[in-house]
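predicted model follows, preceded by the sequence.
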Amino acid sequence: MARTKGAKNKPTLSVTERLQKANAELTELQEAVKAKKAEIKELKREEKSEAQQVIMKAIEESGKTAEEVLAMIQRQ
């Protein structure tokens with residue numbers, strides 16, 4: 001019967017080594033989460049800026065001043 005590859009053939013890590021490995025993985029994942037949150041924050045800022053540009057362009061194309069547009073919105 002052929003022997004299968006598995007846990008029996010791998011050297012086992014001590015509890016301390018496994019703990020160190022798990023802590024290192026956790027630190028790496030936390031850094032990845034931090035980087036992803038920063039990316040999301042930047043994308044939201046860009047999204048807001050783009051929305052503001054669309055609004056400003058619409059106001060300019062309307063031929064009205066910002067004050068006139070605000071007055072129209074407030075009346076509604």
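Right, received. Where do you want to start?

going by C-alpha atoms from here, please, whenever you check contacts or count neighbours.
Fine.

pLDDT of stretch 19-33, averaged?
The average pLDDT within stretch 19-33 is 98.

show me how far it is from its chain's centre.
18 Å (C-alpha atoms, centre = their mean, to the nearest Å).

for that stretch, which positions count as buried?
For stretch 19-33, the neighbour count (16 or more other C-alpha atoms under 10 Å) marks no residue as buried.

what residue ranges in the chain score low on pLDDT?
In the predicted model, the chain carries pLDDT under 70 at residues 1-10.

any idea which element the residue nearest the centre of it lies in?
Among the residues of the chain, the one closest to the centroid is residue 40, at 3.3 Å (C-alpha atoms, centre = their mean). Using DSSP states H and E, residue 40 falls within helix 15-62.

one more: residue 11?
Counting by DSSP H and E, residue 11 is found in no helix or strand.

quick one on the thing from earlier: ok, the residue nearest to the centre of the chain - contacts?
Neighbour list for residue 40: empty [criterion: C-alpha atoms under 8 Å, 6 or more residues apart in numbering].

what do you get if the cut-off is 10 Å, keeping everything else the same?
Neighbouring residues of residue 40 by C-alpha atoms under 10 Å, 6 or more residues apart in numbering: 34, 46.

repeat that for the one 4 residues further on.
Each residue near residue 44 by C-alpha under 10 Å, 6+ apart is listed here: 38, 50.

how near is it to residue 24?
Applying C-alpha to C-alpha, to the nearest Å, one obtains 30 Å for the distance of residue 44 from residue 24.

for residue 36, same thing?
18 Å.

equivalent analysis for residue 51, please.
Counting by C-alpha to C-alpha, the gap from residue 51 to residue 24 is 41 Å.
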